[in-house]
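[1] task: produce atomic coordinates for the following.
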Amino acid sequence: MSAEQYNEQFDSTNLLVFLLKWKKQLIIVCGSAALISSAVSLIIEEKFESTYVFFPAFSSSISKGVMTEDAGAKNDIVQFGEEEQAEQMLQILNSEMIRDRIVAKYQLMSHYEIDADESFPQTKLIKTWEDNVSYKRTEFQSIEIRVLDKDKNMAAAIANDIASLLDSAKNTMIHGRAKQALVVIAEEYEKMKTRMRASDDTLRMLGEKGIANAEKQTEMLSQEYYKVVAQGNKSASKQLKQMLDTLGKYGPLQERLIDQREFELERLLLLRAKYEELKVDATQNVTHKFTVNKAWASEKKAYPIRWLIVVVSVIATFVFSVLVIIGVENYHRIQKR
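    Numbers count the residues shown, from 1 in each chain. Have a look, this model is predicted:
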């Protein structure tokens with residue numbers, strides 16, 4: 001195609017001339033689009049939006065935040081959470097546990113006008129839920145719960161209830177895990193007490209044999225033994241030799257049992273402290289968030305944005321019409337050749 005032919009084919013791209021030439025038709029088409037889109041926007045059901053904003057707490061355990069000695073910054077129950085805690089909250093918010101309880105409480109099958117006898121009602125319910133309920137982590141690590149509904153009061157109530165159920169759901173998870181851990185700790189605690197009782201029984205038996213502190217007794221008896229041997233007291237030396245033999249036989253056992261008992265006692269105290277912590281986590285209900293804004297019933301609708309629907313429809317119609325006219329003009333020009 002030559003440059004002359006190219007310019008001739010695209011004479012209509014002179015926008016001003018082109019628009020003036022077809023202004024009547026474009027005005028009629030765009031005006032019709034405006035009227036139709038306005039009518040359609042009036043038919044679309046209005047929805048109101050309510051938003052609940054909160055920060056996740058850093059620590060999920062009140063026992064770790066209050067009762068332990070290492071309750072520093074990383075366990076502080078009054079510290080705001082970071083990205084990890086925010087992502088955990090989003091996972092819980094998207095759980096079936098929360099969705100199903102809200103659906104049941106507010107009878108959303110009926111509210112969303114979904115017939116239980118139609119094909120795939122649950123699929124439609126979930127799709128409608130996802131269209132109306134959303135969660136988002138902000139750039140400040142806070143979380144927004146957004147709810148759209150035709151009833152502004154219900155939108156606010158659902159958003160606030162979801163936030164409340166978030167605490168309930170996480171507490172349920174923590175309680176279940178803590179109760180399982182309590183069983184393990186309790187079993188280990190009893191085993192440790194049994195081992196300690198066995199050690200105490202053995203130490204008591206050694207005490208009955210006269211072994212109280214094998215190391216010191218051996219030192220003292222050895223000195224006494226050498227004295228009586230030097231004096232030629234065979235009876236006393238024989239008796240002391242028997243006592244030293246007994247110490248030599250059972251002394252290492254006593255020392256080992258004493259060291260073992262100290263370790264077991266330390267371990268027992270640690271298990272006891274852990275048990276008390278877990279007992280708190282298994283029974284106490286705490287909030288896992290810092291509320292910034294509770295949801296309230298909006299006075300203005302959020303959807304549809306009617307003026308935007310009309311503007312987008314008119315612009316789209318205008319662009320499409322221009323492209324069609326250009327195509328038709330070029331087609332006729334080619335046919336005339």
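[2] let me know the outermost residue of this structure.
    Distance from the C-alpha centroid of the chain, by Cα atoms, centre = their mean, peaks at Gly232 (82.7 Å).
[3] all strands for this protein, in order.
    In the chain, the strands defined using DSSP state E lie at 48-56, 133-137, 143-149, 289-293.
[4] got a markdown table for those, with mean neighbour count and distance to Glu118 too?
    Every C-beta, even on glycine, is put in place using the N, C-alpha and C of the backbone. Compiled in a markdown table, those are given as follows (neighbours: other Cβ atoms under 10 Å; distance: least, Cβ to Cβ, whole Å):
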| stretch | mean neighbour count | distance to Glu118 |
| --- | --- | --- |
| strand 48-56 | 22 | 27 |
| strand 133-137 | 16 | 21 |
| strand 143-149 | 21 | 21 |
| strand 289-293 | 15 | 38 |
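[5] format those strands as a markdown table; extra columns: distance to Val312.
    Putting those into a markdown table (distance: least, Cβ to Cβ, whole Å) gives the following:
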| stretch | distance to Val312 |
| --- | --- |
| strand 48-56 | 20 |
| strand 133-137 | 22 |
| strand 143-149 | 20 |
| strand 289-293 | 31 |
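[6] would a markdown table of these with mean pLDDT and distance to Glu255 be doable?
    Putting these into a markdown table (pLDDT from 0 to 100; distance: least, Cβ to Cβ, whole Å) gives the following:
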| stretch | mean pLDDT | distance to Glu255 |
| --- | --- | --- |
| strand 48-56 | 92 | 52 |
| strand 133-137 | 93 | 59 |
| strand 143-149 | 94 | 59 |
| strand 289-293 | 89 | 55 |
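[7] out of these, which gets nearest to Thr246?
    strand 48-56 (65.2 Å; Cβ to Cβ).
[8] what is the closest one packed up against?
    Where contact means 3 or more Cβ pairs under 8 Å, 6 or more residues apart in numbering; DSSP states H and E, strand 48-56 is packed against helix 83-93, strand 143-149, helix 152-208, strand 289-293.
[9] ok and that strand relative to strand 133-137, angle-wise?
    40 degrees (axes from the mean of the first three to the mean of the last three Cα atoms, to 10 degrees).
[10] pairing partners for strand 48-56, with directions?
    Paired strands of strand 48-56, with direction, are strand 143-149 (antiparallel), strand 289-293 (antiparallel) (DSSP bridges).
[11] ranges for the helices of the stretch 201-337 of the chain?
    Taking DSSP state H, counting those that start in this stretch as the criterion, the stretch 201-337 of the chain carries its helices at 214-231, 234-283, 306-336.
[12] for the nearest residue to Leu90 once chain neighbours are set aside, what are its contacts?
    Excluding the flanking residues, the one nearest Leu90 by Cβ to Cβ, 6 or more residues apart in numbering is Tyr135, at 5.6 Å. Taking Cβ atoms under 8 Å, 6 or more residues apart in numbering as the criterion, Tyr135 is in contact with Leu90, Leu93, Asn94, Ile143, Glu144, Ile145, Arg146.
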